[in-house]
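Colleague: The following block contains a protein sequence and its predicted model.
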Amino acid sequence: MKNKMSENGIEYVLVGDYYIPDLKLPNEERSIGKYGRMHRDYLKEHHPVRFNHLVLEGQLWTYLADLNEQAQRRLQLIIRQMQEAESVNEELKAYDQLAWVRAMNSIHNRAEEITLRELVYGEDVV
């Protein structure tokens, strides 16, 4: 008996008396990060069929890493836009540091809420 065989595009390895599919997951080096972990938990709880499909296709880690990167870029964009709209700049930081910190915390919290609703939980922003 051969140690390896191929049938229908799937490689099989001989283990004992049985041929077992030689399945390999893609080698993904990127971290899934905060938003990827949150989305993974959301998928497990609210969309188990989609979660299982991604796991079985070996695409879950790549999907979550991509979502995390997209969420981080979106968060930074929203923060930058809110800073410009609300005139929270270096001039305010030099003049009144506490006001700048309060404003930046407020902007960050609002921007993160928008990002979570749009990308992580897939809801429409109200």
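Modeller: Alright, I've got the coordinates. Numbering: from 1, shown residues only.
Colleague: gap between stretch 33-47 and the chain center?
Modeller: 8 Å (Cα atoms, centre = their mean, to the nearest Å).
Colleague: If we go by neighbour counts, what in that stretch is buried?
Modeller: Under the neighbour-count criterion of 16 or more other Cβ atoms under 10 Å, stretch 33-47 has 33, 35-36, 38-40, 43 buried. All C-beta atoms are positioned from the backbone trio N, CA, C, and that covers glycine.
Colleague: Now flag whichever of those is closest to Ser106.
Modeller: Nearest to Ser106 among those is Tyr35, at 20.4 Å by Cβ to Cβ.
Colleague: ok, Gly9 to Leu92 distance?
Modeller: Going from Gly9 to Leu92 by Cβ to Cβ, to the nearest Å gives 61 Å.
Colleague: between those two, which one's more packed in?
Modeller: Leu92 (16 against 5; other Cβ atoms under 10 Å).
Colleague: How many neighbouring residues does the residue nearest to the more buried one when sequence neighbours are not counted have?
Modeller: Closest residue to Leu92 in three dimensions, ignoring its sequence neighbours and counting by Cβ to Cβ, 6 or more residues apart in numbering: Trp100, at 4.9 Å. Close neighbours of Trp100, defined as other Cβ under 10 Å, add up to 17.
Colleague: how about Arg50, what does it touch?
Modeller: Contact analysis of Arg50 by Cβ atoms under 8 Å, 6 or more residues apart in numbering lists Leu43.
Colleague: how near is it to Leu98?
Modeller: Using Cβ to Cβ, Arg50 is found at 45 Å from Leu98.
Colleague: now do Ile20
Modeller: 64 Å.
Colleague: of these two, who's got more company?
Modeller: A count of neighbours by other Cβ under 10 Å puts Ile20 above the other of Ile20 and Leu98, at 10 against 7.
Colleague: which one is the more buried one nearest to, not counting chain neighbours?
Modeller: Val13 is the one closest to Ile20 (Cβ to Cβ, 6+ apart), at 5.8 Å.
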